[in-house]
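In: Prediction below, plus the sequence it came from.
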Protein chains: 2
Amino acid sequence: MTASARLTAPFSPVPAAVAANGLAGLPGAVTKYARNAEIFGEGDEADFVYRVRSGTVRLTRILPDGRRMIGSFHFAGESFGIEPGATHSSSAEAVTDCEIVATPRNAVFRRAENDHAFSHELWQSAVAELAGARQHMLVLGCQSALERVASFLLEMAERSPVAGVLSLPMSRQDIADYLGLTIETVSRTITQLTERGAIEVPSSRTIVLRNRTSLRSAA
Amino acid sequence: MTASARLTAPFSPVPAAVAANGLAGLPGAVTKYARNAEIFGEGDEADFVYRVRSGTVRLTRILPDGRRMIGSFHFAGESFGIEPGATHSSSAEAVTDCEIVATPRNAVFRRAENDHAFSHELWQSAVAELAGARQHMLVLGCQSALERVASFLLEMAERSPVAGVLSLPMSRQDIADYLGLTIETVSRTITQLTERGAIEVPSSRTIVLRNRTSLRSAA
DNA sequence: GGCCGACTACGGGTTTTCACGTAGGGAGAC
DNA sequence: GTCTCCCTACGTGAAAACCCGTAGTCGGCC
């Protein structure tokens, strides 16, 4: 991580706040990251567990030759960076400017030992994320470009607060790396969905779902 | 599941046995399944958690049009079928004849409440499986056919008891559905790896790793 | 005005699709 | 026991489809 990327690092308790999974409510240091800043890198010590307070985060892995894969996006209220081993197996980067709460891994374990409900929530969130990963494997393993993009838009729609209108925080390149496609193919496919009347694209980061049935049949 | 597929369903305690993750040692009913038998189906109630005592299991998901995806293989000592919700999101099928231990989900939760170490192991195994899923997403998302097959062989080699010689329990079709390729591409690629001198294929289900460096560079 | 992100066009490559050939194992008749 | 038949699994070939990669252009934002 570049020094300039980490904007501030105040220490403060976490507000009652949004509860999206097992890590909500844990105390930790809040750090602000600028767009594209690295939160942690592949291979770094996994001493902390993170939660998005605001903004969007992507988990990436890079192959030796430079190909990049985005494993998941994390929005406000979601946690990430939990590892089975001592080091992170992915990098985490800020898709937009964001605020991240970092909780020491040990603190999480300690609380889990004394609080069964918390321990169960922790497990639940891991299994839920596993189910998400399996779903995404289905997309990567057997869907066409059109199907992948349609699935992606529907997934974002489900996770979006506003129904019918998507404000995508990520670039076309991010979408491509998430779907196992190239940026050109993503562009072409979005155009194709527009021509079919399934969506409308008033600005490149804003997508209106015009015909959800058409989208579903494409996925 | 067909009635003929489930061979026997005796009830017996689990032996001290192989410990491969958090569910080892849990008591449960042992059931034998014939090759290709369904252990549970997509959408079934997830009332049990399963562990492979012998044999190999695959988790599959089918798209409406018949395309099949294998999310993971599970070998002796490994557990599967743990879900965040009330129903299974994949089907589980026997790749070979196998013995499966089924433990009531409630029994797992109850023990987790009273046994912190067990609870931690449970979480650990979920997170470890998540890491495996992420690794597989990398393969599905950005590797070529050659790279996928090479990765697959190396993965199997790591999970195999005998170093250097693989006894693949699964068919070419299973491999294809696991790697997001067609059966023909898998066949051709295996031939290609043989021609390169990376592997040797004495019989179709037996693969000898002849040049591991060559395999690694292909992956 | 310059720069970055996104869209479009076109040629080339990889994988799929479809077709066929081969090998091995089990069932049944003798 | 062994012979044949049949069925499934696996391998190979050629054409087509799909997606990729390069390059060029446009539009918005700093």
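Out: Looks like it came in fine.

In: what residue lies at the spatial centre of chain A?
Out: A:Phe73 (1.3 Å; Cα atoms, centre = their mean).

In: which ones are touching that residue?
Out: A:Thr56, A:Val57, A:Arg58, A:Val95, A:Met170, A:Asp174, A:Tyr178 (Cβ atoms under 8 Å, 6 or more residues apart in numbering or on different chains). To be clear about C-beta, it is placed using only N, CA and C from the backbone, and glycine gets the same treatment.

In: Next one: it from A:Arg58, what distance?
Out: When distance is defined by Cβ to Cβ, to the nearest Å, A:Phe73 is 6 Å away from A:Arg58.

In: Report the set of residues contacting both of those two.
Out: Joint contacts of A:Phe73 and A:Arg58 (Cβ under 8 Å, 6+ apart) are A:Val95, A:Met170, A:Asp174, A:Tyr178.

In: ok, those residues vs B:His136, which is closest?
Out: A:Tyr178 (15.2 Å; Cβ to Cβ).

In: what's the helix or strand for that closest one?
Out: Per DSSP states H and E, A:Tyr178 falls inside helix A:172-179.

In: quick one: that helix near DNA strand C?
Out: Yes: judged by Cβ under 7 Å from any atom of the strand, helix A:172-179 comes into contact with DNA strand C at A:Arg172, A:Gln173.

In: Mind giving me the packing neighbours of that helix?
Out: Helices and strands touching helix A:172-179, by 3 or more Cβ pairs under 8 Å, 6 or more residues apart in numbering or on different chains; DSSP states H and E, are strand A:57-62, strand A:68-74, helix A:145-159, helix A:183-195.

In: rerun at 10 Å
Out: Of the remaining helices and strands, those touching helix A:172-179 by 3 or more Cβ pairs under 10 Å, 6 or more residues apart in numbering or on different chains; DSSP states H and E are strand A:57-62, strand A:68-74, helix A:116-142, helix A:145-159, helix A:183-195, helix B:116-142.

In: Wait, A:His74 touches A:Val57, no?
Out: Yes: A:His74 is within contact range of A:Val57, at 4.4 Å (criterion: Cβ atoms under 10 Å).

In: Quick check: neighbours shared by those two?
Out: Both A:His74 and A:Val57 are in contact with A:Tyr50, A:Arg51, A:Phe80, A:Gly81, A:Ala92, A:Val95, A:Cys98, A:Ile100, where contact means Cβ atoms under 10 Å, 6 or more residues apart in numbering or on different chains.

In: Tell me, please, where in chain A the pLDDT is lower than the cut-off.
Out: A:1-25 (pLDDT under 70).

In: mind giving me the domain split of it?
Out: A:6-138, A:143-218 (automatic domain parsing).

In: Take those domains and write them to a markdown table, including distance to B:Ala157.
Out: As requested, the domains of chain A are exported to a markdown table (distance: least, Cβ to Cβ, whole Å):
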| stretch | distance to B:Ala157 |
| --- | --- |
| domain A:6-138 | 20 |
| domain A:143-218 | 25 |
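
In: Contact residues of chain A facing DNA strand D?
Out: A:Ser144, A:Ala145, A:Leu146, A:Gly180, A:Leu181, A:Thr182, A:Glu184, A:Thr185, A:Ser203.

In: Going by neighbour count, which of those are buried?
Out: Among those, those classed as buried by neighbour count (16 or more other Cβ atoms under 10 Å in any protein chain shown) are A:Ala145, A:Leu146, A:Gly180, A:Leu181, A:Thr185.

In: List just the nearest of those residues to chain B.
Out: A:Gly180 (3.7 Å; Cβ to the nearest Cβ).

In: Nearest residue to that closest one in space, please, no chain neighbours.
Out: Among residues not flanking A:Gly180 along the chain, B:Gly141 sits closest, at 3.7 Å (Cβ to Cβ, 6 or more residues apart in numbering or on different chains).

In: That neighbour contacts A:Gln143, doesn't it?
Out: No: using Cβ under 10 Å as the test, B:Gly141 is too far from A:Gln143 to be in contact (11.8 Å).

In: Bridged to the closest residue to A:Gly81 other than its chain neighbours, which residues?
Out: Nearest non-adjacent residue to A:Gly81, counting by Cβ to Cβ, 6+ apart: A:Tyr50, 4.2 Å away. Beta bridges link A:Tyr50 to A:Phe80, A:Ala102 when assigned by DSSP bridges.
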